[in-house]
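1. How does the following fold in three dimensions:
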Amino acid sequence: MSVLGSSLRVVVALAIVAFPVAAQRAERLQAQPGMPAQGRAGLERQFRERLAEVVRRRLNLNETQMRQLGEVNNRYERERMVLLRDERQMRQALRAEVLAGDSADQASVAGLLDRALKIQRQRLDLTEREQRDLASFMTPVQRAKYVGIQDDLRRRLEEIRQQRRPGAQGARRPPPP
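-> Here you go, the predicted model:
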């Protein structure tokens, strides 16, 4: 399965859980494993449009603000994806070292912990820049609601990720290191 297909499934699942208003429509957007890439791209586009409508309604944004929000999201999306990928790789490497027990490479663990802090700083810097850009066209209340929507989506994503892990059927696992 392609990365896009996996991502689309997670995003659709998030929409179903996080946005009950869009749930019925989003359920129909589930990409099938053999679906061509252009079909998935179309489904992703449809989902993004529906999600944008939910955001527009919840934040009471006008068309100009929606356009500006799209521009800000596009501006930071690539950087956010790089940070997520780097964090995932760092966590996997750290988990492997910790699971090695006494044979763990102490220098590697120290470097990975330093990397984790650097990623957190980069994420904070990105969030500060993004908030400055959002403040140019959104009220503080709109920005706060938008942060809440983003946090809900991230929380739902983590819940889905936890449920997808082998042996996680209903059981809560402690957060990864």
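2. And the helix or strand that contains L51, what's buried?
-> Here L51, judged by DSSP states H and E, is contained in helix 37-59. For helix 37-59, the neighbour count (16 or more other Cβ atoms under 10 Å) marks 40, 43-44, 47, 50-51, 54-55, 59 as buried. Placement of C-beta: from N, CA and C, glycine included.
3. Equivalent analysis for stretch 54-74, please.
-> For stretch 54-74, a neighbour-count test (16+ other Cβ under 10 Å) marks 54-55, 59, 61, 65-66, 68-69, 72-73 as buried.
4. And stretch 112-122, by the same measure?
-> Of the residues in stretch 112-122, those buried (16+ other Cβ under 10 Å) are 112, 115-116, 119, 122.
5. In helices, which of these fall?
-> Per DSSP state H, helices hold the following members of those: 112, 115-116, 119, 122.
6. Quick check: the two most widely separated of these?
-> L112 and Q122 (15.3 Å; Cβ to Cβ).
7. Please report the distance of the residue positioned nearest the centre of the chain from Q92.
-> Nearest to the mean C-alpha position of the chain, counting by Cα atoms, centre = their mean, stands R154 at 5.2 Å. Using Cβ to Cβ, to the nearest Å, R154 is found at 19 Å from Q92.
8. How about M66?
-> 37 Å.
9. Please give me every residue in contact with L69.
-> 55, 61, 134, 137-138, 146 (Cβ atoms under 8 Å, 6 or more residues apart in numbering).
10. now the residues you listed in CSV, with secondary structure, distance to E158 and pLDDT?
-> Shown next, in CSV, are the contacts of L69 (DSSP: H, G, I helix; E, B strand; the rest coil; distance: Cβ to Cβ, whole Å; pLDDT from 0 to 100):
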residue, secondary structure, distance to E158, pLDDT
V55, helix, 20, 93
L61, coil, 27, 96
L134, helix, 23, 97
F137, coil, 30, 97
M138, coil, 26, 97
Y146, helix, 19, 94
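11. tell me, how many neighbours does R88 end up with?
-> Neighbour count of R88, defined by other Cβ atoms under 10 Å: 11.
12. Report the secondary structure element holding it.
-> Using DSSP H and E, R88 falls within helix 63-99.
13. Now do that helix against helix 37-59: the angle between them, please.
-> Computed by axes from the mean of the first three to the mean of the last three Cα atoms, to 10 degrees, the angle separating helix 63-99 from helix 37-59 equals 110 degrees.
14. by contact count, what packs against the helix holding L51?
-> helix 3-18, helix 20-27, helix 63-99, helix 140-164 (3 or more Cβ pairs under 8 Å, 6 or more residues apart in numbering; DSSP states H and E).
15. which one of these is the most hemmed in?
-> Greatest average neighbour count among the helices and strands packed on helix 37-59 goes to helix 3-18 (a mean of 18), per mean count of other Cβ atoms under 10 Å.
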